[in-house]
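Trainee: my questions concern the predicted model and sequence given below.
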Amino acid sequence: MCAQRWAQAYNAGKAPRLFLKSTHEKTLDFVPLEVMKIFAIDGDEARLIEKELNSHRSQLDELMKKEVNQDNESFQ
């Protein structure tokens, strides 16, 4: 089912369940992630993946901050 049709079904109160892992990210142009999570068959798995990705993002942010600080110190 395409994203527009899924959104149409959701608005009509007839949204089918879905697999987040199989859903293209462009779907977010039509349906918020929080809404899709409600209908996700693989919701538990998706939450674990999201938690892992957020952890990686935090680690990357910390590394980037350290790199910027080191670059700033080398210019002084």
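Mentor: All right, it came through fine.
Trainee: what are the buried residues along the helix or strand bottoming out on mean pLDDT in the chain?
Mentor: Scoring the helices and strands of the chain by mean pLDDT, DSSP states H and E places helix 43-74 at the bottom, with a mean of 86. For helix 43-74, burial by neighbour count (16 or more other Cβ atoms under 10 Å) applies to 43, 46. Quick note: C-beta positions are derived from backbone N, CA and C, even for glycine.
Trainee: and it, how far out from the chain's middle?
Mentor: Counting by Cα atoms, centre = their mean, to the nearest Å, helix 43-74 is centred 15 Å from the centre of its parent chain.
Trainee: please apply the same query to stretch 41-57.
Mentor: Centroid separation between stretch 41-57 and its chain, computed with Cα atoms, centre = their mean, is 8 Å.
Trainee: stretch 26-37 now?
Mentor: Worked out by Cα atoms, centre = their mean, stretch 26-37 lies 9 Å from the chain centre.
Trainee: what is the neighbour count of residue 30?
Mentor: 16 (other Cβ atoms under 10 Å).
Trainee: pLDDT value on it, please?
Mentor: What the model reports for residue 30 is a pLDDT of 90.
Trainee: test my guess that it contacts residue 4.
Mentor: Yes: when contacts are counted by Cβ atoms under 8 Å, residue 30 is listed as touching residue 4 (5.9 Å).
Trainee: sorry, back to before: so which elements touch the least confident helix or strand of the chain?
Mentor: helix 33-39 (3 or more Cβ pairs under 8 Å, 6 or more residues apart in numbering; DSSP states H and E).
Trainee: tell me the buried residues in the helix it packs on?
Mentor: Buried, per 16+ other Cβ under 10 Å, within helix 33-39: 36, 39.
Trainee: now that helix: average pLDDT?
Mentor: On average, helix 33-39 scores 92.
Trainee: elements contacting that helix?
Mentor: Using 3+ Cβ pairs under 8 Å, 6+ apart: helix 33-39 touches helix 43-74.
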